[in-house]
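Chemist: Mind looking at a prediction? Sequence and model below.
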Amino acid sequence: MTRWRGSAAQVIVLGLLAIFVLLPFYWVVAGSFRTPEEVIARAAPWFPRSLTLEHYGNLLRQSPFPTYLLNSLIVAFGTMAFTVVVSTLAAYGFYRLRFPGREWLLNATLLAYAFPGVLLIVPMYGMMSTLGLIDSLMSLIVINVTFAAPFAVWMMKAFFQTIPLELEEAAILDGASRFQVLTRIMLPLTAPGVASIAIFAFVMSWTEYMFASILILSDDQRTLPVGLAGIIGQYQIDWGLLLAGATLITLPVVILFAMIGRYFVEGMTAGAVK
Amino acid sequence: MATPTDRQPPRLDRRQREALLGFLFITPLLLWLVATIVWPLIASIHLSLQDVRIIGTTSEFIGLDNYGRVLGDDRFWGAVGRSGIWIVGNAILQTLLAFSAALALKRRFPGVRVARTWIILSWIVPTVVAVVIWRFLLNASGGGLINPLLITLGLTESGVGFFGSGETAFATLVVINSWRWFPFITVILLAALLRVPSDLYEAASIDGASAAAQFRYITLPLLQPTLFVVGLIGTLLSFNVFDVIWLLTAGGPSSDTTTVPVMIYETAFKQFRLSQAAAMSVITAGLLVAFAAFFVKVAKPKEAF
């Protein structure tokens, strides 16, 4: 039993934080189940009076939401697959092998994560149009990996560090190649890490708006964030529909995070504090 | 004539082989980043020297005209200034929020593990969801949460139009963006805080140091390397923010919330002046590199412990 040595200040700060982070989510999720009149009522009650699935029904049956959902899933899984391959290879190279320029290249790679995407959007549009990838989901996968992979490399560091070097050396003495060491020893032993970066890549892709708004032209190739933003842009906002859409987009992220969240946060922080 | 020794591949020593393998392992990532970051950057320099308006059309080289036009444009410098205020505003608010959260989550309490993981929630949801959430919460025409609350408290009679004037729109955006990003900073600060050896605090308590003194003389110095990384990356990431602003105000009212990323996007894809947007991008990249170099020079911590 750990004794709680909390102070009043701690309780107050935690309470305010919980309200600041969670209340907005509650209000939107609750709103998505309210009747159309109640959604836009001035001073709606804290708990919806009668629950309805009407907005979800409209969203799934009468709007292009299912198409957007499918596109988003394709892009997210594509991003995930490429990110996992590219960044586990790179993480092994960076953190387990010694070569000249390693530190420098690693830092340059990490800066890519913070690189302003908007500076790339003009030339990227030109590049994708040269390659004939405008209006294709592949273009989004390519660009999402660019912004997911560097951080994924960073996250793998913490997980690779937990594997003793002796284990690798023993395998190499037994005749295993470095690639086999990575795929047969390192990756199976760092499964939570691999899952974390996979989910990070999924979330990055799931969230991406800017490139998707430019590189995709036709409605049936659109991803969820751009599709949902289209509903916001309409003259008469159908709030019920919008809130149901926002809730449904958030759901997969929350489910994935519930499965792997702890490892995810551990991996995220390890790079920063060495 | 090949002798048996000639046919053997050149023997590399262990170190050379390891270096070669290292390069091989990182090659896919490097190629990817070169193709999607380095090459486009070079392409944008190329583009900025022409007068392309719509992609696919060709144009002749016009030299540095676009640079002259951008550098002489008050609206561009206005956007740079707003980006500066944006970075500072976000830095202050997020530092306050993240430090309070990290310090509160540092000490154990029932449910602390759950709280330490789920604090990240607002960072992982799609930006467009954050936009929907806050548009709805701040709605003045019914359905909102904040305005009815303010009316009940008697602070306003008919509700506040949060995006109505330039100042309130800007401040509101800073709050919303901080809501989204402070968890990211919190999680990293918290990890650093948890690594400060607890016997340091115990020794300080025995010597009679106050909580404030402990924070000033133990926590802050040991946090220096982390604060340096967070300061650099956080500033760049803040600068980057585009979609929250674009989706909530589109840079308005009357370009009062037009930061540099919004301006580049607008110039390229709403006004169809690609070359000019490319010149803006190159100038901005230069400004950011200068900032980063300055930051590293001024703030890089000396090797702590």
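Modeler: Looks like it arrived, so ask away.
Chemist: Do a quick rundown of the helices in the stretch 151-274 of chain A.
Modeler: Here the stretch 151-274 of chain A has its helices, by DSSP state H, counting those that start in this stretch, at A:165-173, A:178-180, A:187-189, A:191-207, A:210-215, A:224-233, A:239-273.
Chemist: List the contacts of the first one.
Modeler: Defining contact as C-beta atoms under 8 Å, 6 or more residues apart in numbering or on different chains, one finds that helix A:165-173 is touched by A:96, A:178, A:180-181, A:184-186. For every residue, glycine as well, the C-beta is placed using N, CA and C.
Chemist: Chain B next: which of these are close?
Modeler: Contacts with chain B within the contacts of helix A:165-173, as defined by C-beta under 8 Å from any C-beta of the partner chain: A:Arg178.
Chemist: quick one: B:Tyr67 from chain A, how far?
Modeler: Distance, B:Tyr67 to chain A, using C-beta to the nearest C-beta, to the nearest Å: 15 Å.
Chemist: Now do the contacts for that residue.
Modeler: Going by C-beta under 8 Å, 6+ apart, the list of residues near B:Tyr67 reads B:48, B:279, B:282-283.
Chemist: Now secondary structure and distance to A:Met80 too, for those, in CSV please.
Modeler: CSV is the format used below for the contacts of B:Tyr67 (DSSP: H, G, I helix; E, B strand; the rest coil; distance: C-beta to C-beta, whole Å):
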residue, secondary structure, distance to A:Met80
B:Ser48, helix, 35
B:Ala279, helix, 36
B:Val282, helix, 33
B:Ile283, helix, 35
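Chemist: Which of the residues you listed ranks first by neighbour count?
Modeler: Of all the contacts of B:Tyr67, the most densely surrounded is B:Ala279 (29 neighbours; neighbours counted as other C-beta atoms under 10 Å in any protein chain shown).
Chemist: Roughly how far does that one sit from A:Pro123?
Modeler: 12 Å (C-beta to C-beta, to the nearest Å).
Chemist: got a list of what A:Thr79 touches?
Modeler: A:140-141, A:144-145, A:148, A:201-202, A:204-205.
Chemist: cool, and B:Phe76?
Modeler: Here B:Phe76 is in contact with B:70, B:263, B:280, B:283 (C-beta under 8 Å, 6+ apart).
Chemist: And for the first one, the neighbour number?
Modeler: Using other C-beta under 10 Å, the number of residues around B:Val70 comes to 23.
Chemist: And the strands in the stretch 151-300 of chain B?
Modeler: Per DSSP state E, counting those that start in this stretch, the stretch 151-300 of chain B carries no strands over any range.
Chemist: Which residue lies nearest the spatial centre of chain B?
Modeler: Nearest to the mean C-alpha position of chain B, by C-alpha atoms, centre = their mean, lies B:Leu237 at 1.0 Å.
Chemist: In space, what's closest to it - neighbours in sequence excluded?
Modeler: Nearest residue to B:Leu237, sequence neighbours excluded (C-beta to C-beta, 6 or more residues apart in numbering or on different chains): A:Ala114, at 5.5 Å.
Chemist: ok, back up a step: surely the residue nearest to the centre of chain B and A:Gly117 touch.
Modeler: No: the criterion here is C-beta atoms under 8 Å, and B:Leu237 misses it with A:Gly117 at 10.4 Å.
Chemist: about what we covered before: between the contacts of B:Tyr67, which is closest to chain A?
Modeler: Distance to chain A across these (C-beta to the nearest C-beta) is lowest for B:Val282, with 8.1 Å.
Chemist: re earlier: OK, contacts around the residue nearest to B:Leu237?
Modeler: Here A:Ala114 is in contact with B:232-233, B:236-237, B:240 (C-beta under 8 Å, 6+ apart).
Chemist: rerun that using 7 Å as the cut-off
Modeler: Shown in contact with A:Ala114 (C-beta atoms under 7 Å, 6 or more residues apart in numbering or on different chains): B:233, B:236-237.
Chemist: first vs last residue of stretch A:92-104, how far apart are they?
Modeler: The first and last residues of stretch A:92-104 sit 16 Å apart, counting by C-alpha to C-alpha, to the nearest Å.
Chemist: low-scoring stretches of chain B, by residue?
Modeler: Counting by pLDDT under 70, chain B contains low-confidence residues at B:1-10, B:55-56, B:142, B:302-305.
Chemist: repeat for chain A
Modeler: Counting by pLDDT under 70, the ranges of chain A that qualify are A:1-6, A:235, A:270-274.
Chemist: If we use 50, what do you get?
Modeler: Within chain A, the segments meeting pLDDT under 50 span A:1-3, A:274.
Chemist: List the residues that contact B:Pro301.
Modeler: Contacts of B:Pro301 by C-beta under 7 Å, 6+ apart are B:224-225, B:228.
Chemist: does chain A sit close to stretch B:90-108?
Modeler: Yes: residues of stretch B:90-108 are located near chain A by C-beta under 7 Å from any C-beta of the partner chain, namely B:100-101, B:104, B:107-108.
Chemist: Output these as JSON lines; include the columns neighbour count and secondary structure.
Modeler: Shown next, in JSON lines, are the residues of stretch B:90-108 next to chain A (neighbours: other C-beta atoms under 10 Å in any protein chain shown; DSSP: H, G, I helix; E, B strand; the rest coil):
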{"residue": "B:Ser100", "neighbour count": "19", "secondary structure": "helix"}
{"residue": "B:Ala101", "neighbour count": "26", "secondary structure": "helix"}
{"residue": "B:Ala104", "neighbour count": "25", "secondary structure": "helix"}
{"residue": "B:Arg107", "neighbour count": "14", "secondary structure": "coil"}
{"residue": "B:Arg108", "neighbour count": "13", "secondary structure": "coil"}
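Chemist: Hmm, A:Pro192 is touching A:Arg262, no?
Modeler: No: counting by C-beta atoms under 7 Å, A:Arg262 is not a contact partner of A:Pro192; they are 8.6 Å apart.
Chemist: quick one on the thing from earlier: would you mind giving the contacts of A:Ala114 as TSV with distance to B:Ala293 added?
Modeler: Putting the contacts of A:Ala114 into TSV (distance: C-beta to C-beta, whole Å) gives the following:
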residue	distance to B:Ala293
B:Ile233	15
B:Leu236	13
B:Leu237	18
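Chemist: for the residues you listed, which one is nearest B:Ala140?
Modeler: Nearest to B:Ala140 out of the contacts of A:Ala114 is B:Leu237 (C-beta to C-beta; 30.6 Å).
Chemist: what's the distance between that closest one and A:Ala30?
Modeler: Distance from B:Leu237 to A:Ala30, counting by C-beta to C-beta: 31 Å.
Chemist: Now stretch A:54-64 - C-alpha only, PDB.
Modeler: Output in PDB follows, covering the C-alpha atoms of stretch A:54-64 (Å, rounded to 0.1, in the frame of the first residue of the first chain):
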ATOM      1  CA  GLU A  54     -30.200   9.300 -35.100                       C
ATOM      2  CA  HIS A  55     -27.000  11.300 -35.800                       C
ATOM      3  CA  TYR A  56     -24.900   8.100 -36.100                       C
ATOM      4  CA  GLY A  57     -27.500   6.600 -38.400                       C
ATOM      5  CA  ASN A  58     -27.500   9.700 -40.700                       C
ATOM      6  CA  LEU A  59     -23.700   9.700 -40.700                       C
ATOM      7  CA  LEU A  60     -23.300   6.100 -41.700                       C
ATOM      8  CA  ARG A  61     -26.200   5.900 -44.100                       C
ATOM      9  CA  GLN A  62     -26.700   9.300 -45.700                       C
ATOM     10  CA  SER A  63     -23.300  10.900 -45.700                       C
ATOM     11  CA  PRO A  64     -20.000   9.900 -47.400                       C
END
